[in-house]
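[1] Got a predicted structure plus its sequence, pasted below:
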Amino acid sequence: MRLYDSLSQEKKEFVPRDAEHVTMYFCGPTVYNYVHVGNARPFVVSMVAKRYFESLGYRVTLVENITDIDDKIIQRALAEGRSAAEVGAEFAQAYRDDTDRLGLGRPDVEPLATEHIQEIIDLIAKLIKEGHAYQAGPDVYFKVAGFPGYGKLSKQQVAEMRHGARSAVGEDKIDPLDFALWKGTKPGEPCWDSPWGPGRPGWHIECSAMSLKYLGAGFDIHGGGRDLIFPHHENEIAQAESAVGGPFVRFWMHNGMLNLGDEKMSKSLGNTVTLREILDKYRPEALIMVFLGSHYRSPMELTPAVLEEAEQQVNRLRNVFGELADRAATGDASGVAPPGGAVAAPTGGGGPGAQAALSVGDAPGAALLERVGARREAFASAMADDLNTAAALAEIFGLAREVFAALAAGEVDPATAARIRAELGEMVHVLGLDAVAEGGDAIPADIVLMAEERQKCRAARDFSRADALRAAIAARGYEVRDVPDGYKVVPLR
RNA sequence: GGCGACGUGGCCGAGUGGCUAGGCACGGGUCUGCAAAACCCGCUACACCGGUUCAAUUCCGGUCGUCGCCUCCA
C-alpha cells in the first residue's frame, strides 16, 4: 500500500520495519475534560488503519497514549479542590467509556503518562548525559540548537521560530526554543522524585518515552492530529532521535481538523462539542461514517446535516444486510424456500419466502458474485491508496445498489445471499462499521404484539386502527414494513 | 510574514489529461389499503483569468476566496 508521510510530504510505499508486524503509535488525548468529537477522529483513523493492516495479514500493535498529567489537569484539580490524579483518572475513564461506544475495540496498549515516570526519567537522563539536554534550576530543557534537524517536520526555519518564541517568567532556558523535559514542582502541584529534584514531565517527553518503550526506535507509524505537528511531534523527533541516534519513526500520519459549522472547533473559542454529546444524538456508526466519508487528511465539517445524512447511509447499509440475511434464510443452498414461508419476523430476520422459490439459476448469482469480486478489488485499491476510505465506501454503496437490484429481480439464491453478506461483512468490518451488518437487538415482545395486532386489523381492513398501531410502534422507535407475505419490524435509526 | 492545505453539480464528498465516483436531497414512475423499504428513469459539476496540449475539471502561471499550524489544542 501507499501511505502519505507528513515528514517527506509524499505518498510512499508502506513497508513495515518488521516483515509481518506493523507498529503504530497515535497521540491520544490529554484528559482534563471529556474529550470532544475532534479527539475521536485520530482514534477512528488509527483503529481503521489497524483493521486494514490486519486485513492484509499483518499483526498490528497499536499504542495510543493517554496523557494524564499536565498544566490543565493541575489547574482543574486546583479549581475543584481535588488531586490531579483524581481528575486525570476520572477523565481517562470517561475517554475510554466514550470511545468504547464507537464499537471499535481498544488500542493494544493505552499507556498512561503517570505510569511511565521512570521511563521518562531514564530518557531525560540519557539526553542530559549525551549533551542534548541541560538542567536549569529545578527544570530540565532540551537543547534545540544541538539538534540539526529541528523544524524538518513542521518545515519551519529555526531562525524564524526563534523570532517569535517566548519564555515564560521564571524559566531559565538558554535558548527560547528549548522546551521543558522536566518541570520542577511548584507549591500545590503533584510531583515525582527525580535526579533533578521533585517535579513532573514536560508535555512531549511522555510520548517519546512510551512509544520507544513499547515499539522501539524506528517503528512504523506515528500519528495524531495535524495540530500536533508543531510543537509536539517536532519536539518528539528532536528528543527521540537525539536519544536513539537514528530515525524515530518511518511514517508520520496526521489527520485533518474538524470544524463545527463554519467555525473551527477550538477550545479557545469554546465551541467544542463532546464526543458523548454526539453519541447521545447519533448512532456511533453514523459518526464513523462521517469520518470515513472524507479523506483522513482533509479538514472536515461536522454539522447536524452531515450527521443526519450519515444516519441515512447507515440505514441503507443496514437494509442491504437485512435483506441479504432474509434471503439467505429463505432456504437451503438449493434455493428452495422452506414450506409455508415466513410470516412474522420479530427480530428483523426471516421474511419473504414464497416468491423466493422461483429464483434459482446459477447464472444471475454468478454474475453478481463477479460484481462482488470486482467491488472488493476496487475497495482494496482504494484502501491501498493512502486509506481512501471515501472511495472504499463508494464501492460498498455501489455493491449495495447492485445487490438490491439483483434481489428485486429475484436473481439471488440463498447461498449467494449468504456469501455476499459475508463478503460485504468483511468490507464493513475493515471500516469499523460492523454494526451495520448486525441484526441488532431483538424486538421487544410488546412491539411484536402490536405488530401482530396490526396485521389482524389489516386483514380485517380496519386500516385506521392499523395505522394507529403503526404510529404507536413508531413512537417506540420501530418501523413496521409490510412485505409480500407478512411484515417486518426494524428499529428506526 | 513563514509553512501547509483547499475551492467539484441543491448539499456532502472521491477522482481523473479524452471514457459512471458514491451518498443525501429533489422530480417522475413501479410496488403498495396507506406507508416504509427497494427498483427504474431524470437532474452531471469541476472558483476566475491566461498558458501548455489534438484534448484540461485534471498539468503550469496568475487572480480572488477559504482554512490550518507557527509553543493551549486531536
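    Nice, thanks for sending it over.
[2] Pull the number of nearby residues for A:F179.
    Neighbourhood size, A:F179 [other CB atoms under 10 Å]: 23. Heads up, the C-betas are built off the backbone N, CA and C, glycines and all.
[3] check contacts around it.
    By CB atoms under 8 Å, 6 or more residues apart in numbering, the contact list for A:F179 reads A:Y141, A:F142, A:V144, A:G202, A:W203, A:H204, A:P231, A:N235.
[4] Among those residues, which are located in helices?
    A:N235 (DSSP state H).
[5] Looking at the contacts of A:F179, state which has the most neighbours.
    With neighbours taken as other CB under 10 Å, the top of the contacts of A:F179 is A:F142, carrying 28 neighbours.
[6] these two touch, right, A:Y52 and A:V430?
    Yes - counting by CB atoms under 8 Å, A:Y52 does reach A:V430; the two are 5.5 Å apart.
[7] Common neighbours of those two, please.
    Contact criterion CB under 8 Å, 6+ apart; residues bridging A:Y52 and A:V430 by contacting each: A:M383.
[8] State the distance from the residue lying closest to A:I117 once chain neighbours are set aside to RNA strand B.
    Closest residue to A:I117 apart from its sequence neighbours, by CB to CB, 6 or more residues apart in numbering: A:W192 at 4.8 Å. Distance of A:W192 to RNA strand B, given as CB to the nearest atom of the strand, to the nearest Å: 20 Å.
[9] Just want the residue of the stretch 151-300 of chain A that's nearest RNA strand B.
    Per CB to the nearest atom of the strand, A:G225 is where the stretch 151-300 of chain A lies closest to RNA strand B, at 2.1 Å.
[10] what sits against A:D68?
    Residues in contact with A:D68 (CB under 8 Å, 6+ apart) are A:T30, A:V31, A:A85, A:G88, A:A89, A:F91, A:A92, A:L112, A:A113, A:T114.
[11] now for those, which pair is the farthest apart?
    Pairwise distances among the contacts of A:D68 were taken by CB to CB; the largest, 14.4 Å, belongs to A:T30 and A:A85.
[12] Between those two, which has more neighbouring residues?
    Taking neighbours as other CB under 10 Å, A:T30 and A:A85 compare with A:T30 leading, 24 against 14.
[13] picking that back up, which ones among the contacts of A:D68 lie within helices?
    When DSSP H is applied, those are split such that A:A85, A:G88, A:A89, A:F91, A:A92 fall in helices.
[14] Buried members of these into ChimeraX, please.
    To isolate the buried ones among these in ChimeraX, judged by 16 or more other CB atoms under 10 Å, type:
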select /A:88,91,92
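[15] For the residue nearest to A:I117, list each beta-bridge partner.
    Counting by DSSP bridges, A:W192 is bridged to A:G199.
[16] Helix, strand or coil: sort out A:A422 for me.
    The three-state assignment at A:A422 reads helix, by DSSP: H, G, I helix; E, B strand; the rest coil.
[17] For it, the count of nearby residues, please.
    By other CB under 10 Å, 12 other residues sit near A:A422.
[18] now do the one 10 residues further on
    Residues contacting A:G432 under the criterion other CB under 10 Å number 25.
[19] Quick one, grab the pLDDT at it.
    We have a pLDDT of 97 for A:G432.
[20] separation between it and RNA strand B?
    Using CB to the nearest atom of the strand, one gets 17 Å for the distance from A:G432 to RNA strand B.
[21] model confidence over stretch A:310-319, on average?
    Averaged over stretch A:310-319, pLDDT sits at 95.
[22] Give me the buried stretch members for it, please.
    Buried residues in stretch A:310-319, defined by neighbour count with 16+ other CB under 10 Å: A:A310, A:E311, A:Q313, A:V314, A:N315, A:L317, A:R318.
[23] Kindly format the C-alpha coordinates of it as CSV.
    C-alpha atoms of stretch A:310-319 as CSV (Å, rounded to 0.1, in the frame of the first residue of the first chain):
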residue,chain,number,x,y,z
ALA,A,310,-24.8,9.6,7.6
GLU,A,311,-27.7,8.2,9.6
GLN,A,312,-29.4,7.6,6.2
GLN,A,313,-26.3,5.9,4.8
VAL,A,314,-26.2,3.7,7.9
ASN,A,315,-29.8,2.8,7.3
ARG,A,316,-29.1,1.9,3.7
LEU,A,317,-26.3,-0.5,4.6
ARG,A,318,-28.4,-1.9,7.4
ASN,A,319,-31.1,-2.6,4.9
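[24] The single nearest residue of the stretch 1-150 of chain A relative to RNA strand B: what secondary structure?
    Taking CB to the nearest atom of the strand, RNA strand B has its nearest neighbour within the stretch 1-150 of chain A at A:G38, 2.5 Å off. Using three-state DSSP, the secondary structure recorded for A:G38 is helix.
[25] quick one: it and A:N271 touch, right?
    No - when contacts are counted by CB under 8 Å, A:G38 is not listed as touching A:N271 (10.9 Å).
[26] shared neighbours of the two, which are they?
    The contact sets of A:G38 and A:N271 overlap at A:M265 (CB under 8 Å, 6+ apart).
[27] How much space separates A:K143 from A:H204?
    A:K143 sits 14 Å away from A:H204, going by CB to CB, to the nearest Å.
[28] ignore the last one, A:F179
    Relative to A:H204, and taking CB to CB, A:F179 is found at 7 Å.
[29] what sits in contact with each of the two?
    Common neighbours of A:F179 and A:H204, counting by CB under 8 Å, 6+ apart, are A:P231, A:N235.
[30] and A:T389, what is it in contact with?
    Residues near A:T389 by CB under 8 Å, 6+ apart: A:V48, A:F291, A:L292, A:G293, A:H295, A:Y296, A:A382, A:M383, A:L431.
[31] So, low pLDDT: which residues of the stretch 201-350 of chain A?
    For the stretch 201-350 of chain A, the stretches with pLDDT under 70 are A:261-264, A:266-270, A:331-350.
[32] Point out the residues in it that sit beside RNA strand B.
    Residues of the stretch 201-350 of chain A lying near RNA strand B by CB under 7 Å from any atom of the strand: A:203, A:224-232, A:255-259, A:264-268, A:293-295, A:298-301, A:305-306, A:308-309, A:312-313, A:315-316, A:319, A:323.
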